[in-house]
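Undergrad: Can you look at this prediction? I've put the sequence above it.
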Amino acid sequence: MTYSPGTHALLDLYDCDAALLADASALQALLQRAADAAGATTLAAHFHHFGDGMGVTGVLLLAESHISIHTWPEHRFAALDVFLCGDGQLERARALLCEGLRAGRADWREFSRGISLKG
């Protein structure tokens with residue numbers, strides 16, 4: 001029997017709201033809402049804005065793993081990482097992130113992690 005401790009998803013969002021991509025506090029609140037929607041527990045958060053006209057990098061450390069974001073407002077692009085162990089609801093997080101950043105287009109890929117482990 002194979003066992004996977006979690007699913008790791010990569011989300012590339014295009015044609016996002018550039019102002020949102022440059023707002024560290026709004027991004028932190030959005031990622032928190034996504035974590036809550038997925039049923040995850042936030043342990044810590046750290047977000048950094050790179051200055052006027054620049055993007056943000058941020059991470060929520062979750063009891064179930066993490067959600068991170070890197071933004072490029074000048075390209076209206078955001079790259080997100082959602083890794084959840086257990087029974088987290090990835091699709092809920094994805095939908096909330098796409099809507100929250102007003103993405104025109106999304107590319108979502110999921111990967112089962114640790115699939116060679118024995119259950």
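TA: Cool, the structure landed.
Undergrad: that's a strand at residue 115, yeah?
TA: No - counting by DSSP: H, G, I helix; E, B strand; the rest coil, residue 115 falls outside a strand, being coil.
Undergrad: So it sits against residue 6, correct?
TA: No - contact criterion C-beta atoms under 8 Å: residue 115 and residue 6 do not qualify, at 10.5 Å. Every C-beta, even on glycine, is put in place using the N, C-alpha and C of the backbone.
Undergrad: Straight-line length of stretch 68-76, end to end?
TA: End-to-end distance of stretch 68-76: 17 Å, with C-alpha to C-alpha, to the nearest Å as the criterion.
Undergrad: re the thing from before, neighbour-wise, which of residue 115 and residue 6 wins?
TA: Applying other C-beta atoms under 10 Å to residue 115 and residue 6 shows that residue 6 carries more neighbours, namely 16 against 10.
Undergrad: quick one: the residue nearest to that one when sequence neighbours are not counted from residue 113, how far?
TA: Once flanking residues are discounted, residue 6 sits nearest to residue 85: 3.5 Å by C-beta to C-beta, 6 or more residues apart in numbering. Distance of residue 85 to residue 113, computed by C-beta to C-beta, to the nearest Å: 8 Å.
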